[in-house]
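J.: sequence unknown, structure follows:
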């Protein structure tokens, strides 16, 4: 079991400072739709930048950024995905003629174990959604402009992996540790890469490696993640999508009265889709062998009308 501890005093943020940051990022992001119909931070991912991202493919090597879906309950996954084989029926496996193997599955999309994408209708703050939409618009019955439908054509662009533990010289960040804007610039310098407009920024905290080597723990109350000031970095660089191998938010958080400040800033203030609990261990090795930390990234969520999120299996193409 991980030790629960409060963030260092220098990493805490007052409610007033958080609100100031929230209002600044919200004002800068606005809620305008670009000429191609993209809203929020996706407006930075223009068709020209998508086309340019194709130049990142040099080896033709593909890497999954998703972890295997969990079907057994654990400390970080009390409601695992339900999966069962429903066919072939008794006797069909050995009978002549055509028969089918069948299966069915269901999951809690926004849990603390499985890789998933958050839509813009996922975060309700101050009684509303991104862009001032009422909270009642969330879910399948509401308008679909903020739902998963907004990315039904997928998200394709230049992915950049910033490996913060690697830059610090450790295998992973311990639960409760925060990735600051300074950590991101330090990782850029160490890796010889720079995050730019329209990029899909992927931040490794080492959550998956720690879980694999030490076992699962109650990640809901103790996990490494981003400090709220890291969202200033994302805003300044005009990042289109943010993803992490953890929840993106640290627990315990840096803001006492806001449990998920990074989700509030990214999704609600900036209109930025988040990907939580990805897996970067294979990608790290591929990037080290290739000698670069950028690649084409393809994100294809399910087409679930009105949904607040989706399981996701992003693919990096080097």
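T.: Happy to help now that I have it. Predicted, not measured: the structure shown is a model, and the values here were computed from it.
J.: so what does the longest strand seen in the chain touch, helix or strand wise?
T.: Ranked by residue count under DSSP state E, the longest strand found in the chain is strand 155-163. Strand 155-163 sits against helix 47-53, helix 181-191, strand 200-204, helix 281-290, strand 294-299, with contacts defined as 3 or more CB pairs under 8 Å, 6 or more residues apart in numbering; DSSP states H and E. (C-beta placed from N, C-alpha, C; glycine too.)
J.: Show residues contacting the following helix or strand past that strand.
T.: Proceeding N to C from strand 155-163, the next assigned helix or strand is helix 164-168, under DSSP states H and E. The contact list for helix 164-168 (CB atoms under 8 Å, 6 or more residues apart in numbering) reads 171-173, 179, 183-184, 186-187, 190-191, 203-206, 284.
J.: that older thread, dump the helices and strands packed on strand 155-163 to TSV, plus distance to residue 313 and mean neighbour count.
T.: What follows is those, written out as TSV (distance: least, CB to CB, whole Å; neighbours: other CB atoms under 10 Å):
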stretch	distance to residue 313	mean neighbour count
helix 47-53	18	14
helix 181-191	24	18
strand 200-204	14	27
helix 281-290	13	16
strand 294-299	9	23
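J.: Quick check: which of the ones you listed is nearest to residue 265?
T.: When the helices and strands packed on strand 155-163 are compared by CB to CB, helix 181-191 sits nearest residue 265, at 12.4 Å.
J.: Just want the angle from the closest one to strand 155-163.
T.: 90 degrees (axes from the mean of the first three to the mean of the last three CA atoms, to 10 degrees).
J.: doesn't residue 187 make contact with residue 230?
T.: No. With contact defined as CB atoms under 8 Å, residue 230 does not reach residue 187; the gap is 11.1 Å.
J.: follow-up on the earlier one: of all the helices and strands packed on strand 155-163, which lies closest to residue 257?
T.: helix 181-191 (21.9 Å).
J.: and that closest one, what does it pack onto?
T.: Applying 3+ CB pairs under 8 Å, 6+ apart, one finds that helix 181-191 contacts strand 155-163, helix 164-168, helix 230-236.
J.: Which parts of the stretch 201-318 of the chain are helices?
T.: 207-214, 230-236, 261-263, 281-290 (DSSP state H, counting those that start in this stretch).
J.: In a markdown table, list the helices and strands packed on strand 155-163 along with mean pLDDT and distance to residue 314.
T.: Output for those, formatted as a markdown table (pLDDT from 0 to 100; distance: least, CB to CB, whole Å):
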| stretch | mean pLDDT | distance to residue 314 |
| --- | --- | --- |
| helix 47-53 | 97 | 13 |
| helix 181-191 | 98 | 19 |
| strand 200-204 | 98 | 8 |
| helix 281-290 | 98 | 10 |
| strand 294-299 | 98 | 5 |
